[in-house]
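Just the structure for this:
(2 chains)
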Amino acid sequence: MRANCWMGRSHVEVQDVPDPRILNSRDAIVRITSTAICGSDLHLYNGFIPTMEKGDVLGHEFMGEVVETGPDVTGLRVGDRVVVPFPIACGACDACEHGLFSVCENSNPNAGMAEKMMGYSPAGIFGYSHMLGGFPGGQAEYARVPFADVGPIRIDDGLPDEQVLFLSDIFPTGWMGAEMCDITPGDVIAVWGAGPVGQFAIASAFLMGAERVIAIDRFPYRLRKAESSGAEVLDYERTDVREALRDMTAGRGPDACIDAVGVEAHHPAPLMYGYDRAKQAARVETDRPFALREAIMACRNGGVVAVVGVYGGFVDKFPMGSLMNRSITLRGAQCHVHRYLRPLLDRIRAGDIDPAFVISHRMRLEDAPCGYEMFRQKEDDCLKVVLTP
Amino acid sequence: MNEARHRKDDRPPRAPGWTSLGLGAAQLAAPGAVRRLAGVDDSAWARLLVPLAGVRELCHAALRYSRWAVRGPAGGTVEWVAEIVEDRPGEVVAWRSSRGAGVTGGGEVRFADAPGRRGTEVRVRLRYEPPYRAAGATVARLLGEHPEQRVRDDPRRFEQVMETGEVVRSEGAPEGAHAMRLLRRRPARPVATGGAP
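Numbering: from 1, shown residues only, chains lettered A, B, ... in the order given. As a prediction, this is how the structure comes out:
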């Protein structure tokens, strides 16, 4: 089959690889009909996530048709149309039983590696480094899906791929970012990053009853998209964000802040950006936490900072004093996608939201390298690339 | 084996004997199921070795001792004879290995109810004196075969088998949790059909 493979920093290549086959009895093989490039794939592309190997198949947002099932798969049959959540979860461990699917205890065969980096191991993730399992991803014609009786959600009606594909990651991820903010009527929510996850966080915050949502980014096309969802916008290259947020909230600060940026944030001041970028290059620090620092400093006393942007390792100059003295709650997670599949599918069916609104480009799988480069360079107002094998 | 048989105070360790008998019988009767449960790849070698190992287990069981062999550093085999020194079902199994068999030491596995009905806590303790002592341990560690890593991998695989029914495999780590994968990684792409991973 053809598959998009990581071949080193800034280098992906669509190659011929063997077809996947069943390795565990609860596996299914899915013939992929739609897949997407995630902002977090750019962290891999740019070489910021450790334990990648040349030849790894990328992609963790995909859906398709079940073409083969292992002997112990129940509730899923050949021919079923499914969306696959990006974290792999067994459904039986203590974490899964408590709904914490992205920290499943059993789905990462390389848990030992993750423990060295993070203390304990989270779940395995499709196409996202060996530390997170060494599972091939879904930017391919076929994928093996472990625990197929737990993760994939069947789409029985005629909803087109583009409306349901993002249940695999970015819609639930944005939703959970907003959910972590404990939104009550009257709340002002600030969202750093108006990429696809940020867009879903904005839309979700409104669906949860936020009074105002403020989007922070530097690309006009992204800010326009946020505006069309009803958000007020701040261009951090033109505005002093903390000053503006203080003004907009009459000195209180936003009630909750969502970091939808993560490890590769930018800073308008070259000196500030250079400081962290240099440390990152020297491997003294792995992540550039501009958005996170600013979110904490900007949040109102007693507010919540929810982190759904992906971080890989360690950050410096963390405003701990601000967080502690001002009673800030910091939350973060890889999304527990499984929790949200059913309720969010119902929202899509009910017409509360059409997730396809983030799509800017449609390409063939063969053009994945071009898609990665466009997305990284933000060429042609690239917001979200959907690939068709 | 001789080593153990010549010791007069050795009481026949029953538990390993029965384990050996059960394992040997299972390996002979259903080698396929055992291979899958152990996460061994379905290669010609494995098809041959599993029943052979079964014969061996049965021999040991007949003699009511357990003899163990693990793949050591650089592909060698380390063997020893183990003697059960404590066996309380549902609570603890402890063993010690005889001396002069390449590796000496012992260990115990303890089971306890986790507080708040959160399942079972399994604690594995391993005492270990590697061949060639410190130098051997260093070499083994460099080769990724340190028992500490094994002791971390094994309960992980055990939990997977208990909770999901089998050892969880990925294309990048087809044999499941295994310390050697820290050194020799294969890319996360599908395993070619028929061949060994």
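
residues contacting the nearest residue to A:A265 once chain neighbours are set aside?
The shortest distance from A:A265 to any non-neighbouring residue, by CB to CB, 6 or more residues apart in numbering or on different chains, is to A:F290 (4.0 Å). Yep, even glycine has a C-beta here, placed from its N, CA and C like the rest. For A:F290, the contact set (CB atoms under 8 Å, 6 or more residues apart in numbering or on different chains) comprises A:261, A:265-267, A:272-273, A:276.

what about 7 Å?
With contacts taken as CB atoms under 7 Å, 6 or more residues apart in numbering or on different chains, A:F290 has the following neighbours: A:265-267.

Equivalent analysis for A:G75, please.
With contacts defined as CB under 7 Å, 6+ apart, A:G75 is in contact with A:D149.

cool, and B:R118?
Applying CB under 7 Å, 6+ apart, one finds that B:R118 lies in contact with A:D94.

Give me every residue in chain B lying close to chain A.
Applying the criterion CB under 7 Å from any CB of the partner chain, the portion of chain B that neighbours chain A consists of B:118-119, B:149, B:152-153, B:156, B:159-160, B:163-166, B:168-174, B:176-177, B:179, B:181-182, B:185, B:187-193.

Please spell out the ChimeraX selection for the buried subset of those.
The following ChimeraX selection, which keeps only the buried ones among these, applies the criterion 16 or more other CB atoms under 10 Å in any protein chain shown:
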select /B:149,152,153,156,159,160,163,164,165,166,168,169,170,171,172,173,174,176,177,179,181,182,185,187,188,189,190,191
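
Go through the residues of chain B next to chain A and flag which are in helices.
Helix and strand membership here follows DSSP state H; of those, those in helices are B:149, B:152-153, B:156, B:159-160, B:163-164.

Which positions in the longest strand along chain B come out as buried?
Residue-count comparison of every strand in chain B, with assignments taken from DSSP state E, identifies strand B:77-88 as the longest. Of all the residues in strand B:77-88, those buried under the rule 16+ other CB under 10 Å are B:78, B:80-84.

Each with direction, which strands does that strand pair with?
Using DSSP bridges, the strands paired with strand B:77-88 in its sheet are strand B:66-71 (antiparallel), strand B:92-97 (antiparallel).

and those, which one is worst for confidence?
Summarising mean pLDDT across those, the least confident stretch is strand B:66-71, with a mean of 67.

number of nearby residues for the nearest residue to A:G39 once chain neighbours are set aside?
Across the structure, with CB to CB, 6+ apart as the measure, the residue nearest A:G39 apart from its sequence neighbours is A:G195 (4.9 Å). When neighbours are counted by other CB atoms under 10 Å in any protein chain shown, A:G195 registers 27.

Which ones among the residues of chain B next to chain A map onto strands?
Using DSSP E, no member of the residues of chain B next to chain A sits in strands.

Quick one: the ones in helices among the residues of chain B next to chain A as CSV, columns for pLDDT and distance to A:P87 too.
As requested, these are arranged in CSV below (pLDDT from 0 to 100; distance: CB to CB, whole Å):
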residue, pLDDT, distance to A:P87
B:Q149, 73, 25
B:R152, 82, 22
B:D153, 83, 22
B:R156, 90, 18
B:E159, 92, 18
B:Q160, 94, 16
B:E163, 94, 17
B:T164, 94, 15
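
quick one: the closest residue to A:I183 other than its chain neighbours from chain B, how far?
The shortest distance from A:I183 to any residue that is not its chain neighbour, by CB to CB, 6+ apart, is 4.4 Å, and that residue is A:M208. The spacing between A:M208 and chain B, counted by CB to the nearest CB, to the nearest Å, is 32 Å.

do the same with A:T184
In this structure, A:T184 lies at 31 Å from chain B, with CB to the nearest CB as the measure.

which phi and psi does that residue have?
With angles defined as degrees, to the nearest 10, A:T184 shows backbone torsions of phi -120, psi 160.

What separation is there between it and A:A298?
Using CB to CB, to the nearest Å, A:T184 is found at 19 Å from A:A298.

what about the strands in the stretch 251-389 of chain A?
Across the stretch 251-389 of chain A, reading from the start of the chain, the strands by DSSP state E, counting those that start in this stretch fall at A:256-259, A:304-307, A:329-332, A:361-364, A:385-388.

Name the residues of chain A found near chain B, please.
Taking CB under 7 Å from any CB as the criterion, the contact residues of chain A with chain B come out as A:3, A:5, A:17-21, A:23-25, A:53-57, A:72, A:90, A:92-94, A:105-107, A:109-113, A:124, A:127, A:130, A:133-136, A:146.

Give me the buried entries from these.
When burial is judged by neighbour count using 16+ other CB under 10 Å, the buried members of those are A:3, A:5, A:17-21, A:23-24, A:53, A:55-57, A:90, A:92-93, A:105-107, A:109-113, A:124, A:127, A:130, A:133-136, A:146.
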